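# here's a sequence, model it:
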Amino acid sequence: MAVGRYSLRSRASRWLWAAGTVLLVCATGFATWRVTRSAALAPQTQPTAAGAAPPRLAPGHDYYFHVKLIELAEKAPGGKAWDSVGDSGPDICFSLTWRNNVIWNSSEKPNTLIGNWDLLKVDVRQIITSSGQTDLNDLVNAPLISYVPGEAVELKVWDEDTVGSDEAGKISFKLEDLRPGENILNPSGERAKAIRRVVLSLIDRRTPVPELVNTISNR
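A predicted model of the protein is given here:
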């Protein structure tokens, strides 16, 4: 009986030792993840080296062309009110044209001078009906383009109305003038009309999913 009790204590000790080792490994991994994540999220304090060229788009790479924000003037082109009846702001919509094809039509942002569109969208109904098997591209709120120097993407913005729509303006973006990440533009000229500000991001399709999700917090 003494031998049996010793055997049980021995097995229990080994089990406790193994469990403790697993917990230690998990805790170490969690701490490492926290440190790595904090370092990744911490603002960069080191300045860019003097004279260093800014990053450029890579020819042949596919990029999400994400229009994050559009700001319009307080009046429609010609100086008239956006809504002459209800005195409300414009219902902002936009489309993107690339290689003579409309590749994107946005959702509507009603009664506002500043429309904002998140990078990722969540369609709960689609996720349920697909049993959770949803393609990432279906969740990204932006079209894909392939960068070729010399090409451009045209942005058309309008105020969506039940009866007729008022064009807010058009802008043609030369891709070689844009950079990976966020681009803030304040267009001017006859074609821009009532468009005052555009914020867009070009995100390489090869970007890991966690980084795509993290961009949501960096509005």
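
# next, the distance between the ends of stretch 174-191.
15 Å (CA to CA, to the nearest Å).

# how about stretch 141-154?
So stretch 141-154: terminal residues 17 Å apart, CA to CA.

# report the buried residues of that stretch.
Neighbour counts over stretch 141-154 (16 or more other CB atoms under 10 Å) mark 141-143, 145, 147, 153 as buried. Just so you know, the C-beta spots here come from the backbone N, C-alpha and C atoms, and that holds for glycine as well.

# got CSV for those residues, with secondary structure too?
CSV is the format used below for the buried residues of stretch 141-154 (DSSP: H, G, I helix; E, B strand; the rest coil):
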residue, secondary structure
141, coil
142, coil
143, coil
145, strand
147, coil
153, strand
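
# show me the two of these that sit farthest apart.
Using CB to CB, the buried residues of stretch 141-154 span at most 19.8 Å, a distance reached by 141 and 147.

# the domain parsing of the chain - what is it?
According to automatic domain parsing, the chain comprises the domains 1-40, 62-217.

# lowest average pLDDT across those domains?
Among the domains of the chain, domain 1-40 has the lowest mean pLDDT, at a mean of 41.

# which residue ranges form the helices in the protein?
Assigned by DSSP state H, the helices in the chain fall at 2-41, 124-129, 209-214.

# circling back to that earlier point, looking at the buried residues of stretch 141-154, which is nearest residue 176?
Out of these, the member with the shortest distance to residue 176 (by CB to CB) is residue 147, at 8.5 Å.

# list the contacts for the closest one?
57-63, 175 (CB atoms under 8 Å, 6 or more residues apart in numbering).

# in those, which residue is surrounded by the most others?
residue 63 (23 neighbours; other CB atoms under 10 Å).

# specify the beta-bridge partners of it.
residue 145, residue 204 (DSSP bridges).

# residue 204 is in contact with residue 211, isn't it?
No. In this structure residue 204 lies outside contact range of residue 211 using CB atoms under 8 Å: 9.8 Å.
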